[in-house]
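Enquirer: pasted the sequence and its predicted model underneath.
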Amino acid sequence: MRFNFLNKRFLSFIGVFLLVVNSLHAQSQDRKTKPYDARFKNVQEILKQGKIGPGMDSLDAIIADFPQADDIYFTKAILLAQMRNQDGAIQAIKQALDIQSKPEYLSFAVDAFKSKNDADSALIYLDKLIDQDDNNTASLKRERIMLLFNGGYKDVALEYFNKTKEIAGSSDTLDMVGSVLLNDAGNYKSVIELLKPWADKGTSLAQVYGQLAQAYNLSKNWKLALEYINKGILTTKEDFLYFDLADLYRFDKKLKLSLDALKQGFQSKKIDFADKNRIIMTLLNPKGPYTPDQLLELANILVEVHPRIAESHMAKGQVLWLKDDKTAAQSSLAVAVSMNPYQIDAWRMLMSLDMDKGEFDQAIAHGGEALHYVPNNATILYFTSMAYLMKKDMENSRKFMEAALNNAQEESPFLQANIYGGLGDIYNSLKMYKASDAAYMEAIRLDSTNVTAMNNLAYYLSLRKERLDEATKYAAMATDLQPNNGTFEDTYAWVLFADGKYDEALVWIQKALKNTIPQTSVLLEHYGDILFKLGKKSDAVKQWTLALEKGVDSDDNKLKLKKKIDTKSYVE
């Protein structure tokens, strides 16, 4: 079941932004006129024309001349949030708050940190807001309960709920928040005792019915769960309850009814796009309950109802990719970046699709276009480098990957690890072996599950017959972390081969053959090499011949393979 009680203050469309800016400007007329009001009005006109970049530049120009203009920082924060630049929005709202602590600024800061799942920081600003805003104490305290809960402080959240209820008394809104905590703790009986009276009275608070239905469902009383969800839909007319209804049908394995309920929710214009997008993202799983065609039905509705939100086209692109309709997926993602060229995830997916289709020049072109809007972005630099790497343009690949590293100081360890792994590949191709090994080691240090770095380090060490104990360790780690991966099993077999452990190598090469479809020329050649070392010459020649028939990646390797077949012997 979903929980969608707290107000959402983040804005998601430029028209809404203009309403906020107009509101701010109107407020400025009620107080002392400010020397930059005319320039601020000009910014509104620029934004009405859809010129976000020039609008942002104009805001920065006002700030340069009036560094204490807190309302301009606030406006900038809103605009950055619109552009999905969460870090920039947080920096701007902090600057506004440094100048003046206003409830609307604090409220925005709370939501900004919530959007980054940083409950601890959100709580700091929420506590300040509670101290300032006497008019919304009850709702702010409910929000504090949920922030504590979402931040992992569940016992503290329950204690704060009980204390608040003791002071303020019962209400459907407060009891509904408490039910979230109790449902999570598995205390379904208490949830039912708390919420059933409100539902029976016909409360207009839709979330009461959702939480109550969840408690009944988890108590194995599906019939009452369904009864209260349907009562909630009829009583409150809140469309988001269709999502709870979809969950109930899905739990009961009634997938057609579940999908129909989801469609009704997706078709509603009263439900925030973010809620729908969050749902479709959780369903993008090859092992999920719905087929790719069913997911495409939902994605099409999403685009139809929210055509001017870039993320709706992103979602459709991801569904099309899941359906293996790569060309159509590229088209949807291209629409997304045309609508919001600051959407880094859309560019990342578009470039990944380009490379998946072997369109490396197009990936590079998209990278260049993206960098025009988000200069020095580590993610875009990384994917541009990978496109050059696949083209075997090592000079440009190195240049972009090193630039990605230089701009990744604030990025996640996961991205940093991938960048170091890419540098390992590049440096190895350039025969910079010490630098390559060091890059792989740093990738593994940053991400202990980076199986690609482990595999590549092990393989290249085995080719050079260096530090074979270390190579064996990393090859084994890769196969442990990702079992039944033919590529990693082949590497492990080859490391063992390089170390003269032919019997063990045979076990792993046979696993690799079983888990690799279709079998590759390199894999068959390795199989032949291992068989030869075990004294099975005729079997070895047979595998080498099959490897040659598969096609070899270079003339040198083709000549070496032919020599093995002709001489019926192993050639280094």
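Expert: Perfect, thanks for sending it.
Enquirer: can you list the weak-confidence ranges in the stretch 301-450 of the chain?
Expert: Counting by pLDDT under 70, the stretch 301-450 of the chain shows no low-confidence range.
Enquirer: can you give me the helices for it?
Expert: 310-322, 326-339, 344-356, 360-373, 378-390, 394-406, 413-429, 433-446 (DSSP state H, counting those that start in this stretch).
Enquirer: quick one: buried residues of the fourth one?
Expert: Meaning helix 360-373. The neighbour-count check on helix 360-373 (16 or more other C-beta atoms under 10 Å) flags 360, 362, 363, 364, 366, 367, 370, 371, 373 as buried. All C-beta atoms are positioned from the backbone trio N, CA, C, and that covers glycine.
Enquirer: identify the residues contacting the residue minimising distance to the centre of the chain.
Expert: In the chain, the centroid-proximal residue (C-alpha atoms, centre = their mean) is residue 345; its distance is 8.0 Å. Counting by C-beta atoms under 8 Å, 6 or more residues apart in numbering, residue 345 touches residue 314.
Enquirer: which non-adjacent residue is nearest residue 482?
Expert: Distance criterion C-beta to C-beta, 6 or more residues apart in numbering; nearest residue to residue 482, sequence neighbours excluded, is residue 451 at 5.0 Å.
Enquirer: show me what contacts the one you found?
Expert: Going by C-beta under 8 Å, 6+ apart, residue 451 touches 477, 478, 481, 482, 485, 488.
Enquirer: please apply the same query to residue 89.
Expert: Contacts of residue 89 by C-beta under 8 Å, 6+ apart are 77, 78, 80, 81, 112.
Enquirer: try residue 464
Expert: Residue 464 touches residue 433, counting by C-beta under 8 Å, 6+ apart.
Enquirer: tell me which of the contacts of residue 451 is nearest to residue 165?
Expert: residue 481 (47.0 Å; C-beta to C-beta).
Enquirer: before we move on, back to that, out of the helices of the stretch 301-450 of the chain, nearest to residue 220?
Expert: helix 310-322 (33.3 Å).
Enquirer: tell me where the stretch 451-572 of the chain has helices.
Expert: Counting by DSSP H, counting those that start in this stretch, the stretch 451-572 of the chain has these helices, from start to end: 451-464, 468-481, 486-498, 502-514, 521-533, 537-550, 555-567.
Enquirer: pick the most buried one from those.
Expert: helix 486-498 (a mean of 25; mean count of other C-beta atoms under 10 Å).
Enquirer: any idea how far that one is from the middle of the chain?
Expert: Remark: helix 486-498 is offset 32 Å from the chain centroid, using C-alpha atoms, centre = their mean, to the nearest Å.
Enquirer: tell me the angle it makes with helix 521-533.
Expert: 30 degrees (axes from the mean of the first three to the mean of the last three C-alpha atoms, to 10 degrees).
Enquirer: list the helices and strands helix 486-498 packs on?
Expert: Where contact means 3 or more C-beta pairs under 8 Å, 6 or more residues apart in numbering; DSSP states H and E, helix 486-498 is packed against helix 451-464, helix 468-481, helix 502-514, helix 521-533.
Enquirer: let me know the closest of the buried residues of helix 360-373 to residue 96.
Expert: Distance to residue 96, by C-beta to C-beta, is smallest for residue 373 among these, at 24.6 Å.
Enquirer: what residues are up against the closest one?
Expert: Going by C-beta under 8 Å, 6+ apart, residue 373 touches 341, 342.
Enquirer: gap between it and residue 406?
Expert: Going from residue 373 to residue 406 by C-beta to C-beta, to the nearest Å gives 19 Å.
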